[in-house]
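>>> Here's my sequence, what's the structure:
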Amino acid sequence: MRPGPRNLITDVAGLSVGNAQDAALKSGVTVITAPAPMVASVAVMGGAPGTRETDLLAPDKSAPGVDALVLSGGSAFGLAAAQGVMDALHEAGRGFAVGPARVPIVPAAILFDLLNGGDKDWGVNPYPALGRAALAAAGEGFALGSAGAGTGALTAMHKGGLGSASLVLESGITVGALVAANPIGSVTTPSGRHFWAAPFEMGAEFGGLGGDPSGYVPPPESRRMAAMAQMAQANTTIAVVATDAALDKAQCHRMAVAAHDGIGRAIVPAHSSMDGDLVFAAATGARPLDGAPMQLAEIGHAASLCLARAIARAVWEAVPAPGDTLPTLRQDLGL
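Numbering: from 1, shown residues only. Just a heads-up that it's a prediction; the model follows:
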């Protein structure tokens, strides 16, 4: 396995990702889409999810594909971002045909960033406009860190953010991950100077800091741990994993389930009752499976590795902004 040329989820040919954010709001939206509907499913392992149109992604439901997937800040207000995306797709003639009508299918998931120091005193919900802007910005290249849905994200110790990573398998199949990391847990070890995901890093994609030589020790009392307690409801890691393999909805579901291992490898603790941890899985279908019994398992494993790396990249790429409640990791390291 090796990273794709961009080391982004858009190494899966045909996928586009767009971000839109509001610096004063300290929040934003990320959209992933493709020229044709994607086969998709979802797996939820957190205890406090916020979602739109995820029931139709179950393997026994009739919806054949999705036109876009939305990751948004804003808690329940952020679910309205999908409406902005849906409206724009409808204007472009996209959507599931129902007689002469077309209905874009746009599942969404949100994270809680309402207590991150941003100005939340809006008169009109800003998320539909942010969703529309994110779709308009979609392309093969996109910003990581404090961008899109990761703009106002926090972790236990540092600012969170938006991350992505990819892998190309020996078969030629490409797998990628996109994540907005905003967990109650920590992405760094108790020293605050190394990533839990360090064993899975490729090159120096999240700083090359290596594993923590001190091992696991109880974290010290600090302003950051106090901030974590105050933000005890400000949580959730939401992600998309994708592949160019020709997966059906049931296989996409298995891919999403396997990808959750990446959350467990990169965040401690993960999947808590106060997190809404969720992974969408999408397949473009460009590459047929060869029938090998382990191929689907390899795709799921690659998705978990990509997601663990993407979570660490999200924190590594975060940048400081006025009014932040937590520092970035690079600030703590003096970089």
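>>> A58 versus A147, what's the distance?
Separation of A147 from A58 (Cβ to Cβ, to the nearest Å) stands at 31 Å. For the C-beta atoms, the positions are set from N, CA and C on the backbone; glycine is no exception.
>>> go on, A286?
Distance from A286 to A58, by Cβ to Cβ: 24 Å.
>>> Same check on M274?
Taking Cβ to Cβ, one finds M274 at 25 Å from A58.
>>> So those two - more neighbours on which side?
Of the pair M274 and A58, M274 is the one with more neighbours under other Cβ atoms under 10 Å, namely 17 against 13.
>>> tell me which element that one is part of?
Using DSSP states H and E, M274 sits in no helix or strand.
>>> Same question for the one 10 residues further on.
Remark: T284 resides in strand 278-287, with elements defined by DSSP H and E.
>>> So in this protein, where's the weakest helix or strand by average pLDDT?
helix 223-230 (a mean of 50; mean pLDDT, DSSP states H and E).
>>> could you pull out the strands for the stretch 101-250 of the chain?
101-103, 108-110, 161-168, 174-181, 237-245 (DSSP state E, counting those that start in this stretch).
>>> Make TSV out of the ones you listed and add distance to F206.
Below are those laid out as TSV (distance: least, Cβ to Cβ, whole Å):
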stretch	distance to F206
strand 101-103	40
strand 108-110	23
strand 161-168	8
strand 174-181	12
strand 237-245	16
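>>> Can I get these in a markdown table including mean pLDDT, mean neighbour count and distance to W316?
Shown next, in a markdown table, are the strands of the stretch 101-250 of the chain (pLDDT from 0 to 100; neighbours: other Cβ atoms under 10 Å; distance: least, Cβ to Cβ, whole Å):
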| stretch | mean pLDDT | mean neighbour count | distance to W316 |
| --- | --- | --- | --- |
| strand 101-103 | 91 | 13 | 39 |
| strand 108-110 | 97 | 30 | 23 |
| strand 161-168 | 98 | 29 | 8 |
| strand 174-181 | 98 | 32 | 11 |
| strand 237-245 | 97 | 31 | 15 |
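>>> Of all residues in this protein, which one is nearest the centre?
Centroid-nearest residue in the chain: V179, 1.8 Å away (criterion: Cα atoms, centre = their mean).
>>> Look up the residues forming beta bridges with it.
Beta-bridge pairing for V179 (DSSP bridges): G163, A239.
>>> pLDDT weak spots in the stretch 101-250 of the chain?
In the predicted model of the stretch 101-250 of the chain, residues 215-234 satisfy pLDDT under 70.
>>> okay, the angle between the lengthiest strand in the chain and strand 161-168?
Using DSSP state E to define each element, the chain has its longest strand at strand 27-44. Per axes from the mean of the first three to the mean of the last three Cα atoms, to 10 degrees, the angle that strand 27-44 makes with strand 161-168 is 50 degrees.
>>> wait, isn't T151 in contact with S72?
No - contact between T151 and S72 fails when scored by Cβ atoms under 8 Å: they sit 10.3 Å apart.
>>> Now list whatever residues contact both of those two.
Listed contacts common to T151 and S72 are G28; contacts here mean Cβ atoms under 8 Å, 6 or more residues apart in numbering.
>>> secondary structure class for M86?
helix (DSSP: H, G, I helix; E, B strand; the rest coil).
>>> mind listing what it touches?
Here M86 is in contact with P104, V106 (criterion: Cβ under 8 Å, 6+ apart).
>>> Return the distance of it relative to Q331.
Counting by Cβ to Cβ - M86 and Q331 are separated by 38 Å.
>>> do the same with P64
Taking Cβ to Cβ, one finds P64 at 46 Å from Q331.
>>> So these two - more neighbours on which side?
Q331 (15 against 12).
>>> mind listing what the more buried one touches?
P320.
>>> Is it part of a helix or strand, or is it coil?
Per three-state DSSP, Q331 ends up helix.
>>> And it, how far from A23?
Applying Cβ to Cβ to Q331 and A23 gives a distance of 18 Å.
>>> just R132 next, same as before
18 Å.
>>> So those two - more neighbours on which side?
Per other Cβ under 10 Å, whichever of R132 and A23 has more neighbours is R132, with 23 against 15.
>>> So L69 sits against F280, correct?
Yes - counting by Cβ under 8 Å, F280 is a contact partner of L69 at 5.2 Å.
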